[in-house]
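>>> sequence and predicted model, in that order:
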Amino acid sequence: MFRKLHKTNQYRRKGRNLIAANKIKPEQWNISQSEAKEALKAKGYDVKQIKKIHHLKHQVCISFWDAKCNVCSSFFSYRIFARWRSEVEKLIYCCQNLKEWAKLNHLMQYEFAYYNYPSEIENTLDAKLENHLRVLNATERQAVFQVV
């Protein structure tokens, strides 16, 4: 008999996301009901009241009542919250040298390739990365000239 060999996906991009790389730890966030309601409304859900929020490592489970008083429950990415964007911006500004920036840039390119970021947020974060790269390059040049 012939056996089928396990076919591997050769096109999988190498890398990790920000959570797997331990750069952001959203499971430790205490997401309030108002914050969850705001994020779900931004995603297009008609939320009347949040019933329960359960934090997991890579996603959050939110149970809520909709406008028709039906109980809805689903898993959502932490990327839908405004706090995610502010945490990523903090990561960008905390890079002290080009090596740290390059690692973060690699993680961010992986994030943009695999996760649905709205185009305005992706463009904003990408611009902040580029601006911080310019700042790091300028400070590195200044340090070289001061040493000489």
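Alright, I've got the coordinates.
>>> where is the longest helix in the chain?
Assignment by DSSP state H gives helix 119-147 as the longest helix of the chain.
>>> what's the model's confidence in that helix, averaged?
Mean pLDDT, taken over the full extent of helix 119-147, equals 85.
>>> show me what it is packed up against.
helix 82-94, helix 98-114 (3 or more Cβ pairs under 8 Å, 6 or more residues apart in numbering; DSSP states H and E). To be clear about C-beta, it is placed using only N, CA and C from the backbone, and glycine gets the same treatment.
>>> please point out which parts of the longest one sit buried.
For helix 98-114, the neighbour count (16 or more other Cβ atoms under 10 Å) marks Trp101, Leu104, Asn105, Leu107, Met108, Tyr110, Glu111 as buried.
>>> circling back: let's have the helices and strands packed on helix 119-147 in JSON lines, adding distance to Ser63 and mean pLDDT.
Conversion of these to JSON lines gives the following (distance: least, Cβ to Cβ, whole Å; pLDDT from 0 to 100):
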{"stretch": "helix 82-94", "distance to Ser63": "20", "mean pLDDT": "93"}
{"stretch": "helix 98-114", "distance to Ser63": "27", "mean pLDDT": "91"}
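>>> save the ones you listed as JSON lines, and put in distance to Pro26 too.
Formatted as JSON lines, the entries for those read as follows, by distance: least, Cβ to Cβ, whole Å:
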{"stretch": "helix 82-94", "distance to Pro26": "7"}
{"stretch": "helix 98-114", "distance to Pro26": "13"}
